[in-house]
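> One predicted model, sequence on top.
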Amino acid sequence: MPKAAFHLHHPDRRDTCCVFASPHSGRDYPAWFVQGSPLDALTIRSSEDAFVDQLFSAAPRYGAPLLLAGAPRAFVDLNRSADELDPALIDGVRQSGHNPRVAAGLGVIPRVVAGGRAIHTGKLPLAEAERRLDRIWRPYHAALAAEMEHAHTLFGRAILIDCHSMPREAMDGTVRPGARRPDVVLGDRYGASSAPEITDGIEQAFAAAGLTVARNTPFAGAYVTQTYGRPSRGRHAIQIEIDRALYMDEKKVRPSADFTAFCALLDGVVGRIAAIGRAASMPLAAE
């Protein structure tokens with residue numbers, strides 16, 4: 001089992017209602033897990049949001065907490081519901097309706113990594129799936145829910161920035177001829193998980209850094225944005241997908257020569273997003 005379900009970094013002074021989180025950048029791969037997989041140690045990382053934790057590491061410096069997954073996505077997917085169990089992978093699970101994510105092998109305990117490559121050689125016992133949920137999934141979401149609740153209590157509003165990365169090829173076929181390829185895709189479930197002015201502000205934060213932004217295509221947000229985004233209750237959630245080609249070598253899963261410069265660029269974006277949360281915050285009298 002990975003050593004920690006999550007890592008939580010708090011600011012010295014919390015002065016924004018933003019909460020930054022990265023559910024897919026965990027890279028603590030247990031030796032037994034890698035050794036029992038038909039994939040090599042590099043391929044098993046292909047669905048990981050590698051280095052996203054470093055891209056958004058400035059969040060505490062700008063007054064916001066930063067929650068990072070400890071376990072890798074290939075081990076347990078924190079952007080899926082706990083009941084998205086795959087009967088093709090887990091013994092004792094019955095199929096109940098059609099779930100396209102589960103059918104594709106991308107349930108809460110993934111069957112495949114990027115490219116449809118199988119993680120396991122056989123089925124897993126239900127007890128192993130439950131163990132991963134109890135030790136990784138539930139603690140992570142308990143921490144995330146607590147941070148969102150605390151932000152709402154302090155400021156009257158909470159904004160979750162759900163941080164991800166996307167393969168370069170993800171945008172193939174989605175860009176109109178002659179249009180600039182998006183560097184960033186914001187997902188707010190077509191307006192259902194965030195107020196328009198907040199999504200607009202986040203788009204402007206990236207655009208001010210010279211990055212091209214698209215919305216909801218091909219990533220509109222999954223379990224996290226659907227669960228934590230309740231604009232009518234003052235809780236907003238926006239998924240951010242950043243093109244990996246901007247800062248890393250996808251095949252070798254290592255930072256590119258542009259990594260340091262891109263981190264510096266993102267530092268400014270994080271600061272602008274935190275400022276949105278600061279302007280949107282409504283401190284309570286007791287604070």
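Yep, that arrived.

> Least confident secondary structure element in this protein?
helix 100-103 (a mean of 93; mean pLDDT, DSSP states H and E).

> Only the C-alpha atoms, please, for that helix, written as PDB.
Extracted in PDB, the C-alpha atoms of helix 100-103 (Å, rounded to 0.1, in the frame of the first residue of the first chain):
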ATOM      1  CA  PRO A 100     -18.800   4.000 -20.100                       C
ATOM      2  CA  ARG A 101     -15.900   4.700 -17.900                       C
ATOM      3  CA  VAL A 102     -16.100   1.400 -16.200                       C
ATOM      4  CA  ALA A 103     -16.600  -0.400 -19.500                       C
END
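
> And the helices in this protein?
31-35, 52-55, 100-103, 126-132, 138-155, 196-207, 223-228, 259-280 (DSSP state H).

> Out of those helices, which one sits most buried?
Stretch with highest mean neighbour count among the helices of the chain: helix 52-55 (a mean of 22; mean count of other Cβ atoms under 10 Å). Heads up, the C-betas are built off the backbone N, CA and C, glycines and all.

> So which elements touch it?
strand 158-166, helix 259-280 (3 or more Cβ pairs under 8 Å, 6 or more residues apart in numbering; DSSP states H and E).

> and of these, who's closest to residue 14?
helix 259-280 (10.2 Å; Cβ to Cβ).

> Touching the closest one from outside, list them.
By Cβ atoms under 8 Å, 6 or more residues apart in numbering, the residues outside helix 259-280 that reach it are 15-18, 20, 51, 54-59, 62-64, 155, 157, 159, 161, 198, 201-202, 204-206, 208-211, 246-248.

> Narrow the residues you listed to those that are buried.
Buried members of the contacts of helix 259-280, counted by 16 or more other Cβ atoms under 10 Å: 15-18, 20, 51, 54-59, 62-64, 155, 157, 159, 161, 198, 201-202, 205-206, 209, 211, 246-248.

> Can you tell me the closest non-neighbouring residue to residue 180?
Nearest residue to residue 180, sequence neighbours excluded (Cβ to Cβ, 6 or more residues apart in numbering): residue 212, at 4.9 Å.

> same deal with residue 165?
residue 49 (4.5 Å).

> Give me the residue ranges of this protein where confidence is low.
Scanning the chain for pLDDT under 70 picks out the ranges 280-287.

> who's in contact with residue 144?
Contacts of residue 144 by Cβ under 8 Å, 6+ apart are 19, 21, 67, 160, 224, 228.

> Out of those, which comes closest to residue 187?
Among the contacts of residue 144, and counting by Cβ to Cβ, the member closest to residue 187 is residue 224, at 9.8 Å.

> Now do the nearest residue in space to residue 19 that is not next to it in sequence against residue 161, distance only.
Once flanking residues are discounted, residue 19 sits nearest to residue 147: 4.7 Å by Cβ to Cβ, 6+ apart. Separation of residue 147 from residue 161 (Cβ to Cβ, to the nearest Å) stands at 11 Å.

> what residues are shared contacts of those two?
19, 21.

> tell me the contacts of residue 133?
So residue 133 contacts 76, 82, 108 (Cβ under 8 Å, 6+ apart).

> For residue 20, give the beta-bridge partners.
For residue 20, the beta-bridge partners under DSSP bridges are residue 66, residue 161.

> hang on, the earlier thing: the residue nearest to residue 180: neighbour count?
15 (other Cβ atoms under 10 Å).

> what's near enough to touch it?
180-184.

> Which of the residues you listed are buried? Put it as a PyMOL command.
Of the contacts of residue 212, the buried ones can be selected in PyMOL as follows, counting by 16+ other Cβ under 10 Å:
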select buried, resi 182+183+184
